[in-house]
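Participant: Sequence below, structure please.
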Amino acid sequence: MLMTIPNLLTLLRLLLIPLFVGVSYFPDHWLAVPYSGLAAAALFVLAALTDAFDGYLARRLNQTTAFGAFLDPVVDKLMVMAALIVLVDLQRAPSVLALIIIGREITISALREWMAHLGKSANVAVSTLGKVKTAAQMVAIPFLLYDHPLFGFIPCHWIGSFALWVASALTLISMAYYLQMAIKAGAATRT
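Facilitator: Modelled structure (predicted):
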């Protein structure tokens, strides 16, 4: 059964990507700049919440599917990559940080595919470090999409930038960890 509630939430998250990207570029006469940023941030947060909720529901309702296991991480990566490209284009994030995060996602996806081919996918399962990195990204992106003082005094750009630098550092550390685990698993396979 492909169309479970969790899979529908994942597809909703996929549909939210062009929405938050599009809202980010609304002309001022459609939606003034602080409000377009707020709308984009809200849509991104909604998408991120569906990610947490679909996994919970899949386990709770016993509706895990191979399709969902494939689609969920792909949509997660598309969501983050789209947001980072928008932030670089709007000059709210340094391109080097976006390249680090996007490069890591591509590398780890390929690494997981290779490990699955070797029958060692457990060696590169999601770690706590990877979850903390994801949390830092999920804090950084909405703050940078909004990019105005929240309630007049909360420095969104500073908070988002700091969280993005933290996410980038954790990205490099987690990539090194995953590569180390994969090298060990690959070496053990050859012996």
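Participant: hang on, R13 packs against V75?
Facilitator: Yes - R13 is in contact with V75 according to C-beta atoms under 8 Å; the separation is 5.2 Å. Yep, even glycine has a C-beta here, placed from its N, CA and C like the rest.
Participant: Now the common contact residues for the two.
Facilitator: Listed as contacting both R13 and V75 by C-beta atoms under 8 Å, 6 or more residues apart in numbering are D51.
Participant: chain center to the top helix by length along the chain: distance?
Facilitator: When the chain is scanned for its longest helix (criterion: DSSP state H), the result is helix 156-190. The chain centre lies 13 Å from the centre of helix 156-190; the measure is C-alpha atoms, centre = their mean, to the nearest Å.
Participant: With stretch 102-120 instead?
Facilitator: For stretch 102-120, the distance to the chain centre is 16 Å (C-alpha atoms, centre = their mean).
Participant: next one: stretch 37-50
Facilitator: Using C-alpha atoms, centre = their mean, the offset of stretch 37-50 from its chain centre is 12 Å.
Participant: what comes into contact with that stretch?
Facilitator: 9-10, 12-13, 16-17, 19-21, 23-24, 26, 31, 79, 83, 86, 138, 141-143, 145-148.
Participant: Assign a three-state SS to R92, would you?
Facilitator: coil (DSSP: H, G, I helix; E, B strand; the rest coil).
Participant: Which residue is the nearest non-sequential neighbour of it?
Facilitator: L144 (4.7 Å; C-beta to C-beta, 6 or more residues apart in numbering).
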